[in-house]
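A.B. asks: quick one, what's the 3D model for this:
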Amino acid sequence: MIQMTFLSAELPLAKPFVISRGTRTAVTVVRVTLTDGEFTATGECTPTAHYQESPQSVCEQLEWIRPQVEEGLSREALQNVLPAGSARNALDCAMWRLDAAKQGKTLWQLLDMPKPVSVITAETLSLDSLENMAKAAGIAVAGGAQLLKIKLDREQIIEKVAAIRAAAPLATLVVDANEAWQGLDLGSLFQALHEFNVAMIEQPLPAGHDNDLVRCLHPIPVCADESCHARSDIAGLRDRYEMINIKLDKCGGLTEALAMTEEARRLGLRIMVGCMLGSSIAMEAALPVAVQAERVDLDGPIWLAQDAEPALRYENGEVWL
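C.D. replies: As a prediction, the model looks like this:
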């Protein structure tokens, strides 16, 4: 007999996290715990208001499905009972972990995948003034960061990237507009960013309003984030994106994320793995997808005032297992 509990927890941030849509000083996560009396497993999700989610709505979904889970709902059946999103993610990841524990295996062994020692992850530069972003870039690379993800809005785009490149001449740079560049001259902007050896541009236009990406040249790969939630979205993105960003909270868990990885490869799209703000519980669940990705952005825990235990180790631009 499975028992399921869940709770929401507010995690203060060590410093404000700023993107084009707003500022956060804390993040609220929902954690699901499953136990069979002998083994216990936990999954974590981060409900996102931009996707019409809240901690309350996620907890309501989990309360609704709890009787089915405690009666033995399988992970495979879960995919058809809850929609893609945060609630299914936390439950799906807890189910994976419980299945592994019951079989006396690690998650890597259950997936028949080699466990890496570490994975290079982006370190995010929060949206700020040009001077502060350049300073943050210098501090990040001095601390060993190899890949910097630059949060941008519509202001001083090229100037900020130029300053960051000067502060981090050897780092790989990716930029994330979070849908903020509608109405800008994308062709000229992409070419200017190319001059600073930017490796990737993430979601420049709003989801559902990204047709202009079909009509301009892409000297830099463009990655779909808000435009790509689940496997069913991927085929329709091939004419405007070269990459997709897989996030467990968007797609609804590790099960769907692994399926998205296969579908992206089949259709010739490159893969990035990202995250919402959250603890090591959430980041560790995404690592089996991260090891198959070209770009990894799993730095959520470094923004927290205090991580969950056992915590992953972040050092020299890598997340260490």
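A.B. asks: contacts, neighbours, all on C-alpha from now
C.D. replies: Will do.
A.B. asks: what's next to stretch 273-290, contact-wise?
C.D. replies: 27, 29, 42-46, 93, 108, 113, 119, 245-249, 254, 257-258, 261, 272, 293, 295-301, 303-304, 307-312 (CA atoms under 8 Å, 6 or more residues apart in numbering).
A.B. asks: so which of those residues sit within strands?
C.D. replies: When DSSP state E is applied, the contacts of stretch 273-290 are split such that 27, 29, 42, 43, 44, 45, 119, 245, 246, 272, 295, 296 fall in strands.
A.B. asks: show me where the stretch 151-300 of the chain has its strands.
C.D. replies: 172-176, 198-202, 222-224, 243-246, 270-273, 295-296 (DSSP state E, counting those that start in this stretch).
A.B. asks: single out the most deeply packed of these.
C.D. replies: Each of the strands of the stretch 151-300 of the chain was assessed for mean neighbour count using mean count of other CA atoms under 10 Å. The highest is strand 243-246, with a mean of 28.
A.B. asks: pairing partners for it, with directions?
C.D. replies: According to DSSP bridges, strand 243-246 forms sheet pairs with strand 222-224 (parallel), strand 270-273 (parallel).
A.B. asks: show residues contacting that strand.
C.D. replies: Here strand 243-246 makes contact (CA under 8 Å, 6+ apart) with 221-225, 228-229, 234, 257, 260, 264, 269-274.
A.B. asks: make TSV from the ones in strands among the contacts of stretch 273-290 and add distance to residue 58 and pLDDT to it.
C.D. replies: Conversion of those to TSV gives the following (distance: CA to CA, whole Å; pLDDT from 0 to 100):
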residue	distance to residue 58	pLDDT
27	14	97
29	10	98
42	15	98
43	13	98
44	11	98
45	9	98
119	30	97
245	22	98
246	20	98
272	25	98
295	29	97
296	26	98
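A.B. asks: taking those residues together, which two end up most distant?
C.D. replies: 42 and 295 (26.1 Å; CA to CA).
A.B. asks: what's the pLDDT at residue 40?
C.D. replies: Note for residue 40: predicted pLDDT of 98.
A.B. asks: ok, now the one 10 residues further on?
C.D. replies: According to the per-residue confidence, residue 50 scores 92 in pLDDT.
A.B. asks: can you check residue 21 too?
C.D. replies: So, for residue 21, pLDDT stands at 85.
A.B. asks: just to check, it is in contact with residue 178?
C.D. replies: Yes: contact criterion CA atoms under 8 Å: residue 21 and residue 178 qualify, at 7.5 Å.
A.B. asks: for those two, indicate the residue with more neighbours.
C.D. replies: residue 178 (20 against 11; other CA atoms under 10 Å).
A.B. asks: against residue 124, how distant is that one?
C.D. replies: Applying CA to CA, to the nearest Å, the value for residue 178 to residue 124 is 13 Å.
A.B. asks: now residue 213
C.D. replies: For residue 213 relative to residue 124 (CA to CA), the value is 24 Å.
A.B. asks: now do residue 216
C.D. replies: 27 Å.
A.B. asks: looking at those two now, which is surrounded by more residues?
C.D. replies: Shown here are residue 216 and residue 124; by other CA under 10 Å, residue 124 has more neighbours (25 against 14).
A.B. asks: can you classify that one as helix, strand or coil?
C.D. replies: strand (DSSP: H, G, I helix; E, B strand; the rest coil).
A.B. asks: and the pLDDT at it?
C.D. replies: As predicted, residue 124 sits at a pLDDT of 97.
A.B. asks: hang on, it packs against residue 152?
C.D. replies: No: using CA under 8 Å, residue 124 makes no contact with residue 152, being 10.9 Å away.
A.B. asks: what separation is there between residue 126 and residue 213?
C.D. replies: In terms of CA to CA, residue 126 sits 25 Å off from residue 213.
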